[in-house]
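[1] give me a 3D structure for the following:
(chains A, B, C and D)
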2 protein chains.
Amino acid sequence: MAHRQAQQRRPSIHDVASRAGVSAATVSKVMAGVTTVKPENAQRVFDAVELLGYRVDPLASDMRRAKRRIIGAIMPEFESEFFGQMVTQLESLAEQRGYTLVAASSRESEARETEILARMHDWRVAGVVLAPVRNEHGPAAAFMKANGMTGVLIDRVLSDDAFDTVSADSAAASAEVARELIGKGHRHILVVGLGEQAATVRARLDGFRSTALKLAPDVRIDVVLAETDVEPLRAQLRDYFGQGANGGERPTAVYSLFLKGTLVALSEFRRRGWHCPNDISLVGFDDAEWMQVTWPAIAAVVQPMRQIAGHAMEALFARIEGGEGPPIARLEPCKVLMRESVGSPGNGPHSGGGDRQ
Amino acid sequence: MAHRQAQQRRPSIHDVASRAGVSAATVSKVMAGVTTVKPENAQRVFDAVELLGYRVDPLASDMRRAKRRIIGAIMPEFESEFFGQMVTQLESLAEQRGYTLVAASSRESEARETEILARMHDWRVAGVVLAPVRNEHGPAAAFMKANGMTGVLIDRVLSDDAFDTVSADSAAASAEVARELIGKGHRHILVVGLGEQAATVRARLDGFRSTALKLAPDVRIDVVLAETDVEPLRAQLRDYFGQGANGGERPTAVYSLFLKGTLVALSEFRRRGWHCPNDISLVGFDDAEWMQVTWPAIAAVVQPMRQIAGHAMEALFARIEGGEGPPIARLEPCKVLMRESVGSPGNGPHSGGGDRQ
DNA sequence: CAACCAGGAAAAATCGATTTACTCATTTCT
DNA sequence: AGAAATGAGTAAATCGATTTTTCCTGGTTG
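    Now for the predicted structure:
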């Protein structure tokens, strides 16, 4: 597949040693930057390294250490902007410290999560950044505990008695969304969510509800929560709106607790010919690039991805380097971007069916 | 960080061997499924493995092989649906064959691409799936050749003299887009693209242009291509439309050759208050989930992600297992989804400025 | 009965580094 | 001056497997 010459075995530390006329141990020291090597010998090693194109084999190098310079990252998915950026960021941070990031997708399955973790344990990774499918009480975190693994939990977690956690301050952000919606005059709001078990769903729901009720005790908050998958949620939402249309009662705003919910809500509005914000307002947790170019632009809660990634890695490396002390639970503040999809109720023509296009 | 008991060293093959009263070599054979072991001894090994919770250390296991059971994947980014799905899929396929996938993002930089490749070479990966930033003629592919690495090139490539390639049939898809747009009556079309050097950009442009000209020799095709980044493209597009507005001439349709271009086009339409498809039609290369829930739904070319991933891995493993023969260039057919963002020119009110919302 | 063969398992070499223990020289200190 | 400390370097052990080589034990064969 390439030049035969290039095919031959890569030079090992011994090749360099013999070329430089020193022992392998000396070469190892030079490569590690130890200063107790005679400059003359160091130079000969450098020359040999240059000549042979020698590079340390990280795998062999890691063999002797109990913890290898590998960080594992487990995300529920790679397909969304949020987790895509997260992996990119984590990779970059790991790399800065000379570690290799091995990322895996649990594909929203707790079973897979534990499998992947077991495999990472086999690799004797130095640490793991786990974004659990549900929350900090799942089998994955238990596995990590039982096996004495070092790790940080992020995103769908609140706090844990064994691991540091870093997540967005969902409750505060949701409270702000409530303030905005109540402030605009909404008194009948639907909250849409997926995965009742996800730590963040409850935080978001509670944060929203408590603030909304405090500001407007007469507010009506309906909740549609699906357990596991998006399609059931779509069906539930269809039912919900079907009933509401019959009774004549319809919420004037929808708050979706997660990205796919925003998509489902939008597609349901579409189906019924409702337009934002005239017929109904919409805010979603999680921002995406497309949300600012559509008509209307979709209001969204922006998670501080970089802060989450940064603090997660900081906490992780502190533990890897032996940091003691009780686990720390961090909450990073979000930004709420109010865009055109939010208006005041009754401010536009309340169309019953599609009329545009 | 966990039970002290769990903290202790993991059992090695020797621990199993002594527990089972056999040699390490025998344990190794049992683990590898070699049949020349007395059933009685095999059973004792199994028992010891069970008792100690032994698992093979993949790193140590890979030490002696020239090629390790690791596949490297280098993508230009992780943030888009396309590459996110690609990584997920590749990971799954690698895993099926007992390999670990190590993914890295080149962040659209050729320099980083080569750095990552060098690091993967250090790891002595068995093979690499490279989605190059530009095309198959970059420094990364050259590095792979020079170092005798095994690999497959995907996505922004056409064919190569050293590596198998797998990509979407951009030209054919673009031809179909041309047929659709010409068929709807469009005779002034703007094509928007990024990265003139990307193999696919030229293929898409040529495929579109040749078919459009064949069907309607009088068609006017304008092209706005930015070299490297999205922001310059936005500026160029702004200029383009600014001039067109002065001359009174404006394209009736836009074909974006890549996802971000579709976003830029949409946001430019937004800025000018143009609506799809009444004021202008839009088709983009690359589909995304949100495109079918917006108003209008955005027409898009869907890349056969699973096929690309599947054939890439097939080709890669064939080479890893020593497959010979000239490199194969595969083109996978795309699907074109014509959605509401495409209409016939002059079919709706040609608004000069925003009038809705 | 010696020679040969085969099955099964153990011993030893290997992969490519790091780290420990030890050896000489020099210095430094008492 | 003699002991202790320091500097610079090497041989060998080690990490945890795999693979090659060697060895042993019966059984068969000439």
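[2] quickly find the element holding residue A:98.
    Under the criterion DSSP states H and E, no helix or strand holds residue A:98.
[3] pull the contacting residues for it.
    By CB atoms under 8 Å, 6 or more residues apart in numbering or on different chains, residue A:98 lies in contact with residue A:69. The way it works is simple: take the backbone N, C-alpha and C, and place the C-beta from them, glycine included.
[4] can you check the pLDDT for it?
    pLDDT, residue A:98: 96.
[5] next one: residue A:81
    With respect to pLDDT, residue A:81 scores 96.
[6] over to residue A:6?
    Note for residue A:6: predicted pLDDT of 45.
[7] equivalent analysis for residue A:244, please.
    64.
[8] spell out which parts of chain A neighbour DNA strand C.
    Residues of chain A lying near DNA strand C by CB under 7 Å from any atom of the strand: A:9-14, A:24-25, A:28-29, A:31-32, A:55-57, A:60-61, A:63-65.
[9] buried subset of those as a ChimeraX selection?
    For the buried members of these, the matching ChimeraX selection, counting by 16 or more other CB atoms under 10 Å in any protein chain shown, is:
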select /A:10,11,13,28,29,31,57,61
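[10] ok, and which of the residues of chain A next to DNA strand C reach chain B?
    The residues of those that also fall near chain B, by CB under 8 Å from any CB of the partner chain, are A:9, A:10, A:55, A:56, A:57, A:60, A:63.
[11] nearest to DNA strand D, of the residues you listed?
    DNA strand D has its nearest neighbour among these in residue A:63, at 3.4 Å by CB to the nearest atom of the strand.
[12] what stretches of chain A score poorly on pLDDT?
    A:1-8, A:244-248, A:347-357 (pLDDT under 70).
[13] got the domain ranges for it?
    Per automatic domain parsing, the domain ranges recorded for chain A read A:4-56, A:68-167+A:304-332, A:170-302.
[14] the first one vs DNA strand D: in contact?
    Yes: in this structure, domain A:4-56 sits against DNA strand D according to CB under 7 Å from any atom of the strand; the contacting residues are A:21, A:22, A:23, A:24, A:25, A:26, A:29, A:36, A:37, A:38, A:40, A:41.
[15] so residue A:330 is in which element?
    strand A:329-332.
[16] how far off centre is that strand?
    Put simply, strand A:329-332 sits 14 Å off its chain's centre (CA atoms, centre = their mean, to the nearest Å).
[17] and that strand, what other elements does it pack with?
    Helices and strands touching strand A:329-332, by 3 or more CB pairs under 8 Å, 6 or more residues apart in numbering or on different chains; DSSP states H and E, are strand A:164-168, helix A:305-320.
[18] what are the pairing partners of that strand, and which direction each?
    When pairing is defined by DSSP bridges, strand A:329-332 lines up against strand A:164-168 (parallel).
[19] which residues touch the partner strand?
    With CB under 8 Å, 6+ apart, strand A:164-168 has contacts from A:136, A:152-159, A:199-200, A:303-304, A:308, A:311-312, A:315-316, A:319, A:327-334.
[20] what ranges do the strands span in chain A?
    Taking DSSP state E to define them, one finds strands in chain A at A:68-75, A:100-105, A:125-130, A:151-154, A:164-168, A:188-194, A:220-226, A:253-256, A:281-285, A:299-302, A:329-332, A:335-337.
[21] so which of these comes closest to DNA strand D?
    strand A:68-75 (10.5 Å).
[22] what does the closest one rub up against?
    Outside of strand A:68-75, the residues within contact range by CB under 8 Å, 6+ apart are A:58, A:62, A:83, A:86-87, A:90-91, A:94, A:98-106, A:113, A:116-117, A:120, A:123-131, A:140, A:316, B:59.
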